[in-house]
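Q: please work out how this folds:
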Amino acid sequence: MQRSFASLRMTVAALVNMPTTSHISQPVPAAAVAFRPEYLDFRRGIHVGNLEDNERITRILKLELESRYAQPFVTERWGRGVYWQWIGYLPRANREAMPLSSHVSFGSSKFFISVDTEEKLFKCGMQVERGYVKAPRGSRECQLQSDWDWHRLVGALRPRSLIEGELQRLVLREGFMLRGGSWESEAQGFDRESLPSLRKLRELLEAAPAAQWAGFQLYYPMTESEVQASTGLDLVESMLAVFREVTPVMNLCMHVRLEED
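A: Alright, predicted model coming up:
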C-alpha cells in the first residue's frame, strides 16, 4: 500500500517486547499472525467464524489494543454467523466511568472496522454514537443520555480547536474520511475535497432526526483491490496504525483518555 499514512505504521513485532502489565493479555507475536486478506470479504463481510485465534481479527486487534494501552477493551459487533459487517473496540474504563450508562456500550467512543458491501470499501477508524434522542419502544437503552461521549464530540467541534487541527490533518493530508448524521436516512460522507467547516459539521450532527439512529465516524478507506494487494500482516499493522492516528480525536471525546503504555 502506498497511501500517505503508510510510513506511520507501527509493527506488531515491536509490541511483543512491551513489558507485561498485570491482567492485560499480550499480543499475538507477529510471526504467528495468520490473518488473511480474503477474510475481508466485500460481498459477505468480515470473516470471523470457524477460525483459530491467531487468524481471527477480533482477537488479534483486541490483544494488540490491550497491550498498547495497558487496559481492557470490550468487543462489540454487528452481524451474525460466520461473517460480521462491523466490529468495535471500546475502552472498558471509559464506559465504566459513565455514571448513568456504564452498563451499555452505545455511549462510549470506540475504534471500529467494517466492510461496507454496498460501497465496496473496508473502513477502519473511530466512531461516536448518538443513538436516539427519542428512542422507540423496546430500545430505551439506546436513547442518548447526558453522560454519553456524543456531547463531548459535539462540544469540541469549534473553530481553532484541537479537534479542528486533528480532522484537517487526517482528512486533508492523510486521506481519511468523515461520515456523520443519521444512519437511517443516509449519513453524509466527506473527504479532502468536501470537508466542511466545523460549524457546518456540528450543525449537521445536531440536525439528525431525534427518532433516528445517528453517529459520527472518522475512518481510513481501502478498496477491494488495495486489500487484495496486501498481506494479512500488512492489514493488521495498517489497522493498528489507523487506530493510533485517530486516538487523539477519541481522547477529546472520552471521560478516560487512552495513553500508550
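Q: okay, helices next: where are they in this structure?
A: Listed in chain order, the helices of the chain (DSSP state H) span 12-16, 57-69, 92-96, 149-156, 162-167, 198-206, 224-228, 232-251.
Q: nearest to residue 259, of those?
A: Residue 259 lies closest to helix 57-69 among those, at 6.8 Å (Cβ to Cβ). To be clear about C-beta, it is placed using only N, CA and C from the backbone, and glycine gets the same treatment.
Q: could I get the helices of the chain as JSON lines with mean neighbour count and mean pLDDT?
A: Formatted as JSON lines, the helices of the chain follow (neighbours: other Cβ atoms under 10 Å; pLDDT from 0 to 100):
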{"stretch": "helix 12-16", "mean neighbour count": "16", "mean pLDDT": "31"}
{"stretch": "helix 57-69", "mean neighbour count": "21", "mean pLDDT": "97"}
{"stretch": "helix 92-96", "mean neighbour count": "20", "mean pLDDT": "98"}
{"stretch": "helix 149-156", "mean neighbour count": "19", "mean pLDDT": "98"}
{"stretch": "helix 162-167", "mean neighbour count": "17", "mean pLDDT": "98"}
{"stretch": "helix 198-206", "mean neighbour count": "16", "mean pLDDT": "97"}
{"stretch": "helix 224-228", "mean neighbour count": "15", "mean pLDDT": "98"}
{"stretch": "helix 232-251", "mean neighbour count": "21", "mean pLDDT": "98"}
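Q: right, and these - which one's nearest residue 49?
A: When those are compared by Cβ to Cβ, helix 57-69 sits nearest residue 49, at 10.2 Å.
Q: now do that closest one and helix 232-251, the angle between them.
A: 60 degrees (axes from the mean of the first three to the mean of the last three Cα atoms, to 10 degrees).
Q: and for helix 57-69, what are the contacting residues?
A: 12, 15, 18, 21, 24-28, 33, 35, 39, 46, 48, 53-54, 72-73, 75, 77, 87, 89, 91, 111, 113, 236, 239-240, 243-244, 258-261 (Cβ atoms under 8 Å, 6 or more residues apart in numbering).
Q: could you do stretch 89-97 as well?
A: Residues from elsewhere that reach stretch 89-97 (Cβ under 8 Å, 6+ apart): 61-62, 65, 69, 71-76, 101-102, 104-105, 107-112, 149, 254-256, 258.
Q: 7 Å - rerun?
A: 61-62, 65, 69, 71-76, 102, 105, 108-111, 254-256, 258 (Cβ atoms under 7 Å, 6 or more residues apart in numbering).
Q: now, which of these lie within strands?
A: Residues of those located in strands (DSSP state E): 73-76, 110-111.
Q: buried among the contacts of stretch 89-97? Need that as a selection in ChimeraX.
A: Applying 16 or more other Cβ atoms under 10 Å to the contacts of stretch 89-97 leaves a buried subset, and the ChimeraX line that selects it is:
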select :61,62,65,69,71,73,74,105,108,109,110,111,254,255,256,258
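Q: please consider this matter closed, and thank you.
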